[in-house]
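Engineer: Please find the sequence and the predicted model below.
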Amino acid sequence: MADDTEQRYDPATIEPKWQQRWAADAALYAAEPASCGKPKYYVLEMLPYPSGQLHMGHVRNYSIGDALARHMWMRGYNVLHPMGWDAFGLPAENAALKNNTPPREWTLANIAAMRRQMERLGLGYDWATEVTTCLPEYYRWNQWFFLRMYEKGLVYRKQSKVNWCPECATVLANEQVVNGCCWRHEETLVEQRDLEQWFLRITAYAQELLDGLDTLDGWPEKVRTMQRNWIGRSEGTDVDFTIEGSGERIRVFTTRVDTIFGVTSVQLAPQHPLVKDFCAADAELKAKVDGLIEEQKKAREAGDVGAIEKHGVATGRWAVNPYSGEPVPIWVANYILMDYGTGAIMSVPGHDERDFEFATKYGIEIRRVIAPADPDAEEPALPFTSEDGILTNSGEYNGLSCEAAQKKLQELAARAGFGQATVTFRLKDWGVSRQRYWGTPIPMIHCEKDGLVPVPDEQLPVVLPAQVAITQQGGSPLGRVAEFLHTTCPKCGAPARRETDTMDTFVDSSWYFYRYTDAKNAGMPFDPAKAAYWFPIDQYIGGVEHAILHLIYSRFWTKVMRDLGLTPNSEPATRLFTQGMVIKDGAKMSKSKGNVVSPDDMVARYGADATRMYALFAAPPDRDLDWQEDGVAGVSRFLARVWRLVTKYAAVARAAECDGHSDGAAAAGLLRKLHQTIAKITQDFEGRWHFNTCVAAIMELVNEIQAADAQLDSGAVPPLAIRELLRTLVLLLAPFAPYLAAELWEELGEEGAILRAQWPVSDADLARESELEFPVQINGKLVEVVRVPAGAASAAMEAAALAGERVKTRTVGKSVVKVIVIPGKLVNLVVK
C-alpha cells in the first residue's frame, strides 16, 4: 500500500544537504584519465567575467551545459565539464577608482562569491581544473605565446590609427567597436588616435579561417555567416596608376578590372601618404582635406561611415591609367578609408553606384564601358552594375565577357609590371595593446642599444605590481611604477625599460579551454597529449554576441598552437550552441539596464532546482526568454507534486520483487507513456535541444501517473511496474533538477550517486501504441476522432470512420462520393 503520510517538499532542507555531500566527493564531477576506456565528452560554457554576481542570463547558460553534462555522465561518457574566470578587465580598475580596492582583491573576492552561487545552484563543475586568468600561473603562458608568435613573425609593432574609448581610456580592436561605440560602453562614441601599438598578425591565417568555416557543420549558420562577412575575402586586381610629373605610383585594388576603361578619376583617402605630400605644398588643399578628415571622424563616431554624405576635393594632379594611357584627375574623398584596401580607388561612375553619386555631384565624366550581353536588349540606365555583360568602349577588349576580360587584363598587368591578380581581406590584424593596468604585461623590453628585446622565457612571468595608482589618464599606470618600468636589457645588460602596455583581455579567453585539460601544469601551457585526447570541444555554449570577437580569436589561436605542435586540431569546437538572451521589462537582463534578477533571491524563495528548471522550460534554449517570476513558482509547484508522488509510493517501489510481474492493462498504458517519454527526451538531447519540451514531457508523464492513482492504490498496477515508473521518472528528472532527483533516488532505496546511474533506454515494443487515434473529416472539416487497433489497414480505418456516430449523423440523406485515406493519419470523406 502507498504511504499516505503528508510530506512537504522543502528545497531549503534538501538542497544544502546534497550540496554538502557533493562538495565532499572530489571524484563526483572529476574527469577520468584517457586510459579509462570510456568515450570522451567535453562540454563547456563560456567562462564569465567575475563581476561579483550571477544573473539569470548566466543561470540559463550554465543550466543548459549542466543538463547536457549530467545526461552524458549518465550515458557512460568520460565528461570534462570545467569552469573558470575571465578575470582581467576594465571593471576591476573602475572598482579600484570607486571603492579604493585593489583590482586583484576586488576580482578574487568576486570570484569567491560567484563560485558560491554556482555551487548553490548545484552546477556540476570539476573545480580541480579551475582557471583564473588574472593569476601569474595562467598569464605567464599568455606571455609565452606572445614570444613564440614574435619569433614566428606573427607579432609586430607599428604606429597606427586606433580606436580609443574615452570611458575605458584605452584602445579597442576593430571588432570591439559596435555602431561607432565601445562594446562595453554602448553609448560612448569611439575616437580615432595615432598610437604605437602591438599587433598579432591574424591576417596570416585569413584564408584558413575562412576555409575552416566550411568544416564547422555543428556551428550555427548565423555565426559562420557573420565570420565570413567579417573576414571579407575579395578577389580582384591590384593596378598601379602613375602620377604625372613625379612618376610615383598609386596602387588601387578593384574587383572589376573589366571596367578599367571607364575610370574617370582616382580617389584617395584623406590620410593617404600622397595626400600629405600634396598638402605640404598647398595650404588651401590642406584646409579642405582637414575638413574631410573631420567629417570622416564624425561619421566613424556616429557608427556608420558608409552612410556619410560624400564630399571631395580635386588635388589639381593627374594619374595615368596604365591600360589606356589616359590621364585622369586625382581627388581626395571622405568616403575612402585608409584602413580598407590600399586607401585609394579607381572611380568608375558608369558602373558603380557610389562612384556615380560622387561623379554626379562634382560633374566628373561618366562613361559606359559595359553593355548587356544580349545585343537586342535595351540600353540600361547608368550606373549599370551587372557583371553579366560585355565590354564596350574598351579598345581591343570590346565584345569580351566581363569574366574573360578580367582574366586577360590581369595577365597584361602582370606582364607589363603595373599590377597583378590578388586577393584581399576585410579582416585586419588584431591590435592587442591596451593602456591599462589590469591585464597581462607584454613581455618586451625597450633598450636604447638593441631596440626591442623579448623577455627570456626563464624570466617569465612578468608579474603585475601589486600596488598601482589607477587614474585612467595619461597612458598606462604601469609607466608610473618605477620598480616595474626600470629593468636591464637581457641582451646587453644596459639599463632599459619594460613595455607598459598590457594585452587585450581577449587574449586570455582565446585559449583558456586548453588549459582546463591540464590546469596545474607549471612547465608548459598544457600537455599536448591531454589536449589531443579532449579536443576538439564536443559542445561549446555561449552568446551569439561573441561570434566575431572571441570566436574568431580562439579559432586563430588554435591554428597558431597547432603550428607550434601543441595540438593536432585546427578548430577548437565541433559544435557551438548560442543560447537566447533573458529579457526583462523589454530589454536584455544586464546591470547597466538595472533589470537584473538575482538567482540568490530565486533560490531562497523557490530552490535551485526550480530556478534552473524554469530557465530551461520557459523557452527553447536558442530563443530569448521573457522573464516571469510566476513561472519559477509554477515549476516549484510541479516539483512539489513530483516529491509527493514519489514519496507516496516509495515504500511500494522499494519492496517490489525484481522477479515480480509488471503486466496488466493499467500498467501497460503507464509504461507506454513512460517509454515514449524516455524516447522523446533522449532524442532531444541528441538532436534539437528543446529542453522546454523535455520538461513538458516529464510534466505530462507525471500527470498521467497521478491520474491513475486509483489503480496504483488498488494494486491494479503491480509493484514492479510502480518501481519502474518512479525510478525512471527520477532518472529523467536528474539533468534538470539534480537536487530533487538525488533525494528521491535515495528515497527509492537506490544506492550510489544518481549521476553514475545508467540513463534509461526506451523499449520500442512497450512504447508502441495499442490503438491508433485519427481524425475523420467531411469535406475537409474535422467531424470526429476515432480509434482502431494500432497497425490497422486502410480498409479498417475507412470502416471505422464510416461507423462513427457523428459521421453517420452528418451524412444522413447524403452520398459519400469519395473516401480519402492517409494510412495511419486521417480519413477524409467527400460528401454531396
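Structural biologist: Cool, got the structure.
Engineer: helix/strand/coil for the closest residue to residue 456 other than its chain neighbours?
Structural biologist: Spatial nearest neighbour of residue 456, chain neighbours left out: residue 490 (5.2 Å); criterion: Cβ to Cβ, 6 or more residues apart in numbering. For glycine as for every other residue, the C-beta is placed from the backbone atoms N, C-alpha and C. When classified by DSSP: H, G, I helix; E, B strand; the rest coil, residue 490 comes out as coil.
Engineer: Count the neighbours of residue 490 for me.
Structural biologist: Residue 490 sits with 16 neighbouring residues when counted by other Cβ atoms under 10 Å.
Engineer: same deal with residue 710?
Structural biologist: Here the count is done by other Cβ under 10 Å, and residue 710 has 10 residues near it.
Engineer: what sits against it?
Structural biologist: By Cβ atoms under 8 Å, 6 or more residues apart in numbering, residue 710 lies in contact with residue 716.
Engineer: now it, what's its secondary structure?
Structural biologist: Per three-state DSSP, the local secondary structure of residue 710 is helix.
Engineer: Each with direction, which strands does the lowest-mean-pLDDT helix or strand in the chain pair with?
Structural biologist: Lowest mean confidence among the helices and strands of the chain (mean pLDDT, DSSP states H and E): strand 170-172, at a mean of 75. Under the criterion DSSP bridges, strand 170-172 sits next to strand 155-165 (antiparallel) in its sheet.
Engineer: average pLDDT for the strand it pairs with?
Structural biologist: Across strand 155-165, pLDDT averages out at 86.
Engineer: in it, what's buried?
Structural biologist: By neighbour count on 16 or more other Cβ atoms under 10 Å, the buried set for strand 155-165 is 155, 157, 160, 162-165.
Engineer: do the same with stretch 272-288
Structural biologist: Of all the residues in stretch 272-288, those buried under the rule 16+ other Cβ under 10 Å are 272, 274-275, 278-279, 285, 288.
Engineer: before we move on, what about stretch 363-376?
Structural biologist: Within stretch 363-376, the residues scored as buried using 16+ other Cβ under 10 Å are 364, 366-372.
Engineer: now do stretch 736-754
Structural biologist: Within stretch 736-754, the residues scored as buried using 16+ other Cβ under 10 Å are 736-748, 750, 753-754.
Engineer: between the residues you listed, which is nearest residue 463?
Structural biologist: Residue 463 lies nearest to residue 738 out of the buried residues of stretch 736-754, by Cβ to Cβ, at 40.1 Å.
Engineer: coming back round to it: JSON lines for the buried residues of strand 155-165, including distance to residue 551?
Structural biologist: Converted to JSON lines, the buried residues of strand 155-165 look like this (distance: Cβ to Cβ, whole Å):
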{"residue": "155", "distance to residue 551": "22"}
{"residue": "157", "distance to residue 551": "26"}
{"residue": "160", "distance to residue 551": "24"}
{"residue": "162", "distance to residue 551": "23"}
{"residue": "163", "distance to residue 551": "20"}
{"residue": "164", "distance to residue 551": "25"}
{"residue": "165", "distance to residue 551": "22"}
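Engineer: Nearest to residue 392, out of these: which one, please.
Structural biologist: Using Cβ to Cβ, residue 160 is the member of the buried residues of strand 155-165 that sits closest to residue 392, with 43.1 Å.
Engineer: Identify the residues contacting that closest one.
Structural biologist: Applying Cβ under 8 Å, 6+ apart, we find residue 160 in contact with 194-197, 199, 431.
Engineer: May I have stretch 340-349 as PDB, with CA atoms only?
Structural biologist: Taking C-alpha atoms only, stretch 340-349 is exported to PDB below (Å, rounded to 0.1, in the frame of the first residue of the first chain):
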ATOM      1  CA  TYR A 340      40.400  49.500 -46.100                       C
ATOM      2  CA  GLY A 341      42.300  48.100 -49.100                       C
ATOM      3  CA  THR A 342      45.100  50.500 -50.300                       C
ATOM      4  CA  GLY A 343      43.300  53.700 -49.300                       C
ATOM      5  CA  ALA A 344      42.800  54.500 -52.900                       C
ATOM      6  CA  ILE A 345      40.200  53.600 -55.500                       C
ATOM      7  CA  MET A 346      39.700  53.900 -59.300                       C
ATOM      8  CA  SER A 347      36.400  55.600 -59.800                       C
ATOM      9  CA  VAL A 348      34.100  54.100 -62.500                       C
ATOM     10  CA  PRO A 349      30.900  56.100 -62.100                       C
END
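Engineer: what mean pLDDT would you report for that stretch?
Structural biologist: Per-residue scores along stretch 340-349 average to 93.
Engineer: List the buried residues of it.
Structural biologist: By 16+ other Cβ under 10 Å, the buried positions in stretch 340-349 come out as 341-349.
Engineer: who's in contact with it?
Structural biologist: By Cβ under 8 Å, 6+ apart, the list of residues contacting stretch 340-349 from outside reads 238-239, 241, 250-254, 256, 259-260, 262-269, 271-272, 321, 331, 336-337, 355-356, 358-360, 364-367, 369, 382-383, 424, 426.
Engineer: those strands in the stretch 101-250 of the chain, which residues are they?
Structural biologist: For the stretch 101-250 of the chain, applying DSSP state E, counting those that start in this stretch gives strands covering 131-132, 155-165, 170-172, 177-178, 181-182, 191-200, 233-243, 249-254.
Engineer: what bits of this structure have low per-residue confidence?
Structural biologist: Applying pLDDT under 70 to the chain flags the ranges 1-7, 173-175, 300-306, 472-474, 592, 658-663.
Engineer: Pull the distance from stretch 213-222 to the chain's centre.
Structural biologist: Stretch 213-222 has its average C-alpha position 11 Å from the chain's average C-alpha position, going by Cα atoms, centre = their mean, to the nearest Å.
Engineer: Extract the C-alpha trace of it and format it as PDB.
Structural biologist: Extracted in PDB, the C-alpha atoms of stretch 213-222 (Å, rounded to 0.1, in the frame of the first residue of the first chain):
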ATOM      1  CA  LEU A 213      34.100  27.700 -41.600                       C
ATOM      2  CA  ASP A 214      33.100  25.100 -44.200                       C
ATOM      3  CA  THR A 215      34.100  22.300 -41.800                       C
ATOM      4  CA  LEU A 216      32.100  23.600 -38.800                       C
ATOM      5  CA  ASP A 217      28.800  22.000 -39.600                       C
ATOM      6  CA  GLY A 218      27.900  21.900 -35.900                       C
ATOM      7  CA  TRP A 219      28.100  25.700 -35.700                       C
ATOM      8  CA  PRO A 220      25.000  28.000 -36.300                       C
ATOM      9  CA  GLU A 221      24.900  29.200 -39.800                       C
ATOM     10  CA  LYS A 222      24.300  32.700 -38.400                       C
END
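Engineer: change the start of the numbering to 5 and stick with it
Structural biologist: Will do, 5 is the new start, and the previous item becomes stretch 217-226.
Engineer: what comes up buried for it?
Structural biologist: In terms of neighbour count (16+ other Cβ under 10 Å), stretch 217-226 has its buried residues at 217, 220, 223-224.
Engineer: Quick one: the residues you listed as a markdown table, columns for distance to residue 696 too.
Structural biologist: Formatted as a markdown table, the buried residues of stretch 217-226 follow (distance: Cβ to Cβ, whole Å):
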| residue | distance to residue 696 |
| --- | --- |
| 217 | 30 |
| 220 | 26 |
| 223 | 22 |
| 224 | 18 |
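Engineer: between those residues, which is nearest residue 634?
Structural biologist: Among the buried residues of stretch 217-226, and counting by Cβ to Cβ, the member closest to residue 634 is residue 224, at 31.0 Å.
Engineer: ok, now which ones touch that closest one?
Structural biologist: Taking Cβ under 8 Å, 6+ apart as the test, what residue 224 contacts is 548, 580-582.
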